[in-house]
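Enquirer: I would like the atomic coordinates for the input below:
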Amino acid sequence: MIINTNLGSAAIVQTELATKETTNEEGELELSTPPVMKPQFKRIFVCYKRVKDRLLSGYRLFFGLDGCHLKSPYKGILLSAVRLDANMQFYLIAYAIVEAENNDSWKCFIQHLTEQIGEHAPASHAWCIMSDRQKEFGTSDLKNMFWATTETGNIAHFQHIMDQIKEFNKDVYKWLSDIDPKHWSMSCFDSNAKVEHSKNNHVESFNDWIEEVQFKPPIEFLEGIRIQNTNMMYLRKVTAEIWEEKLTPKVHLKAHKIMRKARYAQIRGIPCIHAVSCVIHARANIYDYVSDYFTTENWRKAYEGGIHQILDESMWIKDDTE
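Expert: This is a model prediction of the structure:
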């Protein structure tokens with residue numbers, strides 16, 4: 001029904017053959033004799049068209065991937081792709097219910113995701129994807145040094161901390177050195193991404209946001225996400241329409257704080273205090289030097305349109321095939 005009510009959306013169901021079970025006279029489940037194979041639900045991938053259509057409406061080519069356990073009797077894992085909107089709030093791109101979090105389920109999810117949004121990335125820039133890769137570090141000192149390497153925007157400072165890690169633990173140093181720092185240190189991030197995050201917190205926020213529906217069976221769970229997402233989009237749409245500043249609320253506040261605290265201009269897309277001084281000296285408007293990704297105009301574009309209501313299950317077309 002997702003496809004029928006939201007034309008152009010993707011709702012891809014994957015099944016597998018399983019032996020049909022029957023109930024005996026004692027009410028106990030047993031395998032049918034002779035064995036009869038029937039399709040059994042395995043996975044479902046969902047991506048709404050109105051989300052795909054808004055991917056390049058001022059949005060950064062950046063999103064995070066994560067998985068979380070579902071808590072209904074049916075178990076399973078929810079895989080999700082979540083990005084940040086112009087106001088630095090999470091924005092759901094696509095999600096899937098799968099049987100387990102493993103290489104096969106992630107490969108399937110990424111394949112479907114690429115088919116849906118791959119064409120929305122400009123040829124000059126690739127998507128910037130964030131996922132949890134950090135290992136468990138043995139001591140708090142080592143852990144602090146690791147996070148310092150991820151958050152610094154200065155390459156020389158990054159190398160200085162890496163030298164400290166090498167003296168502290170050569171094994172950890174080798175493990176980190178084998179991963180190109182452009183994948184995990186802000187000092188080497190692609191400046192086109194305009195990302196100031198080294199952690200997947202926005203995806204964790206989404207996982208917390210769906211906690212109330214995690215206990216529901218698959219169909220009710222999917223409908224619960226749709227309803228919550230639709231309501232959230234409407235509220236943000238209304239908020240964006242009445243906001244009168246050029247920059248979104250959170251970036252507007254950050255731009256004011258920037259005058260008191262330095263930022264990394266090229267990486268984050270917001271001028272540092274030194275650039276601000278030059279702008280003020282030239283009697284220009286600092287808002288004109290903030291990346292267009294963070295403007296209210298682009299924020300509003302992200303919430304244009306909406307996800308359409310899905311018919312009640314009683315109105316679904318019946319499929320009598322076994």
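
Enquirer: SS state for the most centrally placed residue in the chain?
Expert: In the chain, the C-alpha nearest the mean C-alpha coordinate belongs to Val82, at 1.6 Å (Cα atoms, centre = their mean). Judged by DSSP: H, G, I helix; E, B strand; the rest coil, the three-state class of Val82 is strand.

Enquirer: The one 4 residues further on now?
Expert: Here Ala86 is recorded as coil under three-state DSSP.

Enquirer: okay, now it: neighbour count?
Expert: Per other Cβ atoms under 10 Å, the neighbour tally for Ala86 reads 29. Quick note: C-beta positions are derived from backbone N, CA and C, even for glycine.

Enquirer: ok, the residue nearest to the centre of the chain touching Phe206?
Expert: Yes - at 4.8 Å, Val82 counts as touching Phe206 under the criterion of Cβ atoms under 8 Å.

Enquirer: measure Val203 to Gly8 for me?
Expert: 25 Å (Cβ to Cβ, to the nearest Å).

Enquirer: Neighbour count for the two, which is higher?
Expert: A count of neighbours by other Cβ under 10 Å puts Val203 above the other of Val203 and Gly8, at 25 against 11.

Enquirer: helix or strand for the more buried one, which one?
Expert: Here Val203 sits within helix 201-209, counting by DSSP states H and E.

Enquirer: Can you mark which positions in that helix are buried?
Expert: 202-204, 206-207, 209 (16 or more other Cβ atoms under 10 Å).

Enquirer: do stretch 223-233 as well
Expert: Buried residues in stretch 223-233 (16+ other Cβ under 10 Å): 223-226, 229, 232-233.

Enquirer: could you give the mean pLDDT of that stretch?
Expert: On average, the pLDDT along stretch 223-233 is 90.

Enquirer: tell me the domain boundaries of the chain?
Expert: 2-133+198-238, 249-294 (automatic domain parsing).

Enquirer: For Asp180, find the nearest of those.
Expert: For Asp180, the closest of the domains of the chain is domain 2-133+198-238, at 12.0 Å, according to Cβ to Cβ.

Enquirer: start to end distance for the closest one?
Expert: One end of domain 2-133+198-238 to the other measures 25 Å (Cα to Cα, to the nearest Å).

Enquirer: how much distance is there from it to the middle of the chain?
Expert: Relative to its parent chain, domain 2-133+198-238 has a centroid offset of 11 Å by Cα atoms, centre = their mean, to the nearest Å.

Enquirer: Over to stretch 155-173?
Expert: Offset of stretch 155-173 from its chain centre (Cα atoms, centre = their mean): 30 Å.

Enquirer: now that stretch: mean pLDDT?
Expert: For stretch 155-173, mean pLDDT rounds to 90.

Enquirer: buried ones in it?
Expert: Across stretch 155-173, burial judged by 16+ other Cβ under 10 Å covers 158, 161-162, 165, 169, 172-173.

Enquirer: got a list of contacts for it?
Expert: For stretch 155-173, the external contacting residues (Cβ atoms under 8 Å, 6 or more residues apart in numbering) are 137-138, 141-142, 145-146, 148-149, 152, 176-177, 181, 185, 187-188.

Enquirer: Could you rerun that using 10 Å?
Expert: Residues from elsewhere that reach stretch 155-173 (Cβ atoms under 10 Å, 6 or more residues apart in numbering): 135, 137-139, 141-142, 144-152, 154, 174-177, 181, 185-188.

Enquirer: C-alpha coordinates for that stretch, CSV please?
Expert: Extracted in CSV, the C-alpha atoms of stretch 155-173 (Å, rounded to 0.1, in the frame of the first residue of the first chain):
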residue,chain,number,x,y,z
ILE,A,155,46.5,18.4,10.3
ALA,A,156,49.6,19.2,12.3
HIS,A,157,47.8,18.8,15.6
PHE,A,158,46.3,15.5,14.3
GLN,A,159,49.8,14.2,13.6
HIS,A,160,51.0,15.3,17.0
ILE,A,161,48.3,13.3,18.8
MET,A,162,49.0,10.3,16.6
ASP,A,163,52.6,10.4,17.7
GLN,A,164,51.4,10.4,21.3
ILE,A,165,49.2,7.3,20.6
LYS,A,166,52.1,5.6,19.0
GLU,A,167,54.2,6.0,22.2
PHE,A,168,51.3,4.9,24.3
ASN,A,169,50.1,1.8,22.3
LYS,A,170,51.7,0.7,19.0
ASP,A,171,48.9,-1.7,18.2
VAL,A,172,46.3,1.0,18.3
TYR,A,173,48.5,3.3,16.3
